[in-house]
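J.: requesting a structural model of the entry that follows:
(one chain, ligands or ions: 2)
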Amino acid sequence: MGRIIVLYGPSASGKSEIQRQLTGPGFPRIITATTRPPRTHEISGVHYLFLDKESFREKMSRGELIEWTEYNGEWYGTLRSSIEEAIAGPDDANIILDLAGVLALKERYKEHVAAIYIGADLPSLARRLAERGGDTAETASRLQKAREQELTEAYMQPADAVIWNSDGADFGDTLKRVREAIASFDGRGTQ
Ligand SMILES: Nc1ncnc2c1ncn2[C@@H]1O[C@H](COP(=O)(O)OP(=O)(O)OP(=O)(O)O)[C@@H](O)[C@H]1O
Ligand SMILES: Nc1nc2c(ncn2[C@@H]2O[C@H](COP(=O)(O)O)[C@@H](O)[C@H]2O)c(=O)[nH]1
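T.: Ligands and ions are numbered 1, 2, ... in the order given. Modelled structure (predicted):
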C-alpha cells in the first residue's frame, strides 16, 4: 500500500519545484482540482485539473471530492479517486495541499499520510512572488496569508517534518533534506 506524502506551506516556499524534482517513476504526483486560472506554464491534467466553478460544484455535490478549501477567492479540492487509487497502489505518491487538506487527509487516512511543511522567510516569499509577477492584489493577499497564518507555529504543528527553503539555502540541500525526511517516515504508514 502506498503512502501519501503531503507538501504544504506558504505560497512561493518552493513546494512545486520540490514536487517537480521528486516526482518520477515510483513516486507519482497526485493532482488536485481548482477553479483558479492556470499560470502561463501550467497544463490541465498535469499541474491541476482546472475546472470552472460550475464543474467544481458538481464534483462537490456528487461526493467526488474528499475535501476542499477556498484560497484567494478560488476553490481547490482533492479527488477521492486520486487518493484511494494511490493508497491501493504499490507506490508512495506526493500531493500539495494547504493545512485544511493535511488535516482532512490525516483524519481520514491516518497512518497512510505524512506531511512535510516547506517554509521560507517573508523576504524570500515576497521576492519570489514579485518575480512571478501577475496581479499585485493577489500577491499582497498571498503574503498577508503567509504572515498571519502560514508562517505561524500553529500552522506547522501537524507536520511530520519542517524544512526551510529561504533564499540563500542551496536548493540541492533542500531536496536532500526532503528526501531524508521521506526516508525517515519508512516503517510508518505502510501497513
Ligand atoms: N532555495 C531557493 N532559492 C531561490 N529560489 C527558490 C528556491 N526554492 C524555490 N525557489 C523559486 O521560488 C519560486 C517559487 O517556487 P514554487 O513555485 O515551487 O513555490 P510554491 O510553494 O509551489 O508556490 P505556490 O504555492 O504559490 O504555487 C520559483 O521560482 C522557484 O524556482
Ligand atoms: N486543501 C487543499 N488545498 C489545496 C488543494 N490544491 C492546492 N491547495 C493549496 O492551495 C493553495 C494555493 O495554491 P496555488 O497553486 O494557487 O498557489 C496552496 O497552499 C496549495 O497548497 C486541494 O485540493 N486542497
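
J.: where does the nearest residue to Ile18 once chain neighbours are set aside land in three-state SS?
T.: In this structure, Ile18 finds its nearest non-sequential neighbour in Val178, 5.7 Å apart by C-beta to C-beta, 6 or more residues apart in numbering. Where C-beta positions appear, they are placed from N, C-alpha and C, glycine not excepted. Classification of Val178 using DSSP: H, G, I helix; E, B strand; the rest coil returns helix.

J.: next: the one 5 residues further on.
T.: Using three-state DSSP, the secondary structure recorded for Ala183 is helix.

J.: what's the local residue count around it?
T.: For Ala183, the neighbour count with other C-beta atoms under 10 Å is 8.

J.: mind checking pLDDT for it?
T.: Ala183 carries a pLDDT value of 95.

J.: so how far is Glu64 from the residue nearest the centre of the chain?
T.: The residue lying closest to the centre of the chain (C-alpha atoms, centre = their mean) is Ile96, at 1.6 Å. Distance, Ile96 to Glu64, by C-beta to C-beta, to the nearest Å: 19 Å.

J.: please name the bridge partners of the residue nearest to the centre of the chain.
T.: Leu7 (DSSP bridges).

J.: these two touch, right, it and Ser16?
T.: Yes - counting by C-beta atoms under 8 Å, Ile96 does reach Ser16; the two are 6.8 Å apart.

J.: okay, stretch 85-103 in CSV with CA atoms only?
T.: Extracted C-alpha coordinates of stretch 85-103, given in CSV (Å, rounded to 0.1, in the frame of the first residue of the first chain):
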residue,chain,number,x,y,z
GLU,A,85,-6.0,4.7,-6.0
ALA,A,86,-2.7,6.0,-4.6
ILE,A,87,-3.2,4.2,-1.3
ALA,A,88,-4.3,1.0,-3.0
GLY,A,89,-1.3,1.1,-5.3
PRO,A,90,2.3,-0.1,-4.7
ASP,A,91,4.0,3.3,-4.8
ASP,A,92,4.1,6.3,-2.5
ALA,A,93,2.7,9.4,-4.0
ASN,A,94,3.1,13.1,-3.4
ILE,A,95,0.5,15.9,-3.3
ILE,A,96,0.5,19.7,-2.5
LEU,A,97,-2.3,20.9,-0.2
ASP,A,98,-2.9,23.5,2.5
LEU,A,99,-3.3,22.9,6.2
ALA,A,100,-7.0,22.1,5.8
GLY,A,101,-6.1,19.4,3.3
VAL,A,102,-3.4,18.0,5.6
LEU,A,103,-5.8,17.7,8.5
